[in-house]
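Colleague: Next comes the sequence, and after it the predicted model I'd like to discuss.
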Amino acid sequence: MKHIVLLGDGMSDEKLPQLGNKTPLQAANTPNMDFMARRGKLGTARTVPPGFSPGSDVANLSVFGYNPQTCYSGRSPLEAASMGVELAPDDVAFRVNLVNLSPRGNRMIMQDYSAGHISTEEGGELIEALKAETAGDEFQFHPGVGYRHLLVWRGGKVDLITVPPHDITGKDILPHLPQGEGAKRLIELMNTSQMVFFNHPQYRKRVDAGKVPANSIWLWGQGKRPTMVPFRQKFGLTGAVISAVDLIRGIGVCAGLEIIKVPGATGYIDTNYRGKAEAALDALERHDFVYLHVEAPDEASHSGNLEHKMKAIEDFDAQIVGPILEGVKKFDSYRVLCTPDHPTPVARMTHTSDPVPFVLYSGENQENPAVAGYDEDSAKATSLELKEGFRLMEMLLQG
């Protein structure tokens, strides 16, 4: 039996007047996911347990089959695992976003949480410059992908309040700066980055090219080294993970799964969808399980870009779901789970904790005429609700 998760990050949404009071999933052209919904097991799952913020870290842990209430220690330690950064017991990892801040009157506004989706090469240049300016044993910066990077604070403080920058787009940053013991040190680092970036040749180069420059770092998502039972020990299966995002790869590393990096996988609407689908089918030849993650719908939502979200959903359906449904037919038996991790309403530009629509398909030919397609309303109407999202994996593996 082969098992595959197709995860469209942040696909689910809320109804929008500009779509005729439909959600993007309802309005988008998604024949392959609709096909699955009419012939499979459709329902909703609560992937974010009560008391947890609706982050991709918590939600994806749930979809991987891990209860966040027993294994979650923070987002950044998972990203550190993906990057091969070993954390000592007293180390605290932080996500480093390259951002663009903009003055507005006497306030400083979070203008762009991704610095115009800065390239990996450009982001790496800035992190290296910041490393040179802050050289020492206490703080260690590690370059990542695009705007996403890592800070390790040796013997640092973990009980801080930090805020994801994509949650405060267009807002004054002052009330959302780090708070708690050690916050002053983090704010000093952020201030230092502003001086370093403004004086870096890249700043003027991007401005002259009409691009959004990175003019600061933003620190958030802190945590210490997690402890997770390997996937094979937990479920008795070998597996692989395909994603452009360090967070998802990091969960895979901690779970002992193979990490497959696909050329051209960017985490946005220009990602190599076809390459991911082909890599997943190839991985199923040697593994029992594959987790294929696509970040694009979530990124479009955080940018408040409905056009890009619709495109991301339709490309996910056409270039991921369609080829996978056709490709898995070569195996004697298979199960395909399609789901978001959490909703990311494009109007809100951030995550919510609402249950997500999922569909489990295993090659059934019987069509259910009562199901309109794959969307939030159709999933709710089935009355199949998993209140513990980590049970989704058990459903996928057990049928």
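Modeller: Sure thing, it's come through.
Colleague: can we go C-alpha only for contacts and neighbour counts from here?
Modeller: Will do.
Colleague: For Thr352, the count of nearby residues, please.
Modeller: Other residues within reach of Thr352 by the criterion other C-alpha atoms under 10 Å amount to 19.
Colleague: for the one 4 residues further on, same thing?
Modeller: The burial count assigned to Val356 is 28, neighbours taken as other C-alpha under 10 Å.
Colleague: what's it sitting at in phi/psi?
Modeller: For Val356, the backbone dihedrals (degrees, to the nearest 10) come out as phi -110, psi 150.
Colleague: For the closest residue to Ile127 other than its chain neighbours, grab the count of nearby residues.
Modeller: Spatial nearest neighbour of Ile127, chain neighbours left out: Pro143 (5.9 Å); criterion: C-alpha to C-alpha, 6 or more residues apart in numbering. Using other C-alpha under 10 Å as the criterion, Pro143 is surrounded by 21 other residues.
Colleague: and the strand or helix carrying Pro143, which strands flank it?
Modeller: Assigned by DSSP states H and E, Pro143 belongs to strand 139-145. Strand 139-145 has its sheet partners listed here by DSSP bridges as strand 148-153 (antiparallel).
Colleague: Please pull up the helix or strand immediately following the partner strand.
Modeller: Using DSSP H and E, the helix or strand that follows strand 148-153 in sequence is helix 183-198.
Colleague: Using CSV, write down the CA coordinates of that following helix.
Modeller: Coordinates of the C-alpha atoms in helix 183-198 are reproduced here as CSV (Å, rounded to 0.1, in the frame of the first residue of the first chain):
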residue,chain,number,x,y,z
ALA,A,183,13.8,41.2,24.5
LYS,A,184,16.2,44.1,24.7
ARG,A,185,19.0,42.0,23.3
LEU,A,186,16.8,40.9,20.3
ILE,A,187,15.7,44.5,19.6
GLU,A,188,19.3,45.6,19.6
LEU,A,189,20.0,42.9,17.0
MET,A,190,17.1,44.2,14.9
ASN,A,191,18.4,47.8,15.1
THR,A,192,21.9,46.7,14.2
SER,A,193,20.5,44.9,11.1
GLN,A,194,18.9,48.1,9.9
MET,A,195,22.2,49.9,9.9
VAL,A,196,24.0,47.0,8.2
PHE,A,197,21.4,46.6,5.5
PHE,A,198,21.0,50.3,4.8
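Colleague: tell me which residues in that helix are buried?
Modeller: Under the neighbour-count criterion of 16 or more other C-alpha atoms under 10 Å, helix 183-198 has Ala183, Leu186, Ile187, Leu189, Met190, Thr192, Ser193, Gln194, Val196, Phe197 buried.
Colleague: Which pLDDT value goes with the nearest residue to the first one once chain neighbours are set aside?
Modeller: Distance criterion C-alpha to C-alpha, 6+ apart; nearest residue to Ala183, sequence neighbours excluded, is Leu160 at 7.0 Å. Predicted confidence (pLDDT) for Leu160: 96.
Colleague: same deal with Tyr361?
Modeller: Tyr361 is given a pLDDT of 97.
Colleague: Please name the residues that touch the closest residue to it other than its chain neighbours.
Modeller: Take Tyr361 and drop its neighbours on the chain: the residue closest to it by C-alpha to C-alpha, 6+ apart is Gly40, 4.5 Å away. Going by C-alpha atoms under 8 Å, 6 or more residues apart in numbering, Gly40 touches Val359, Leu360, Tyr361, Ser362, Gly363, Glu364.
Colleague: Mark which of those are buried, thanks.
Modeller: In these, the ones that pass as buried (16+ other C-alpha under 10 Å) are Val359, Leu360, Tyr361, Ser362, Gly363.
Colleague: how about the CA coordinates for the helix or strand harbouring the second one, as PDB?
Modeller: Under DSSP H and E, the secondary-structure element containing Leu360 is strand 356-361. Backbone C-alpha positions of strand 356-361 (Å, rounded to 0.1, in the frame of the first residue of the first chain) are rendered in PDB as follows:
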ATOM      1  CA  VAL A 356      -9.800  22.500   7.300                       C
ATOM      2  CA  PRO A 357     -11.500  20.400   4.600                       C
ATOM      3  CA  PHE A 358      -9.800  17.200   3.800                       C
ATOM      4  CA  VAL A 359     -10.500  14.400   1.300                       C
ATOM      5  CA  LEU A 360      -9.100  10.800   1.400                       C
ATOM      6  CA  TYR A 361      -9.200   9.000  -1.900                       C
END
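Colleague: Give me the helices and strands touching it, please.
Modeller: Counting contacts by 3 or more C-alpha pairs under 8 Å, 6 or more residues apart in numbering; DSSP states H and E, strand 356-361 packs against helix 31-39, strand 41-45, strand 334-339, helix 376-381.
Colleague: any chance of the ones you listed in TSV, with mean neighbour count, mean pLDDT and distance to Ala244 too?
Modeller: Converted to TSV, those look like this (neighbours: other C-alpha atoms under 10 Å; pLDDT from 0 to 100; distance: least, C-alpha to C-alpha, whole Å):
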stretch	mean neighbour count	mean pLDDT	distance to Ala244
helix 31-39	22	97	22
strand 41-45	25	97	24
strand 334-339	24	98	17
helix 376-381	20	97	26
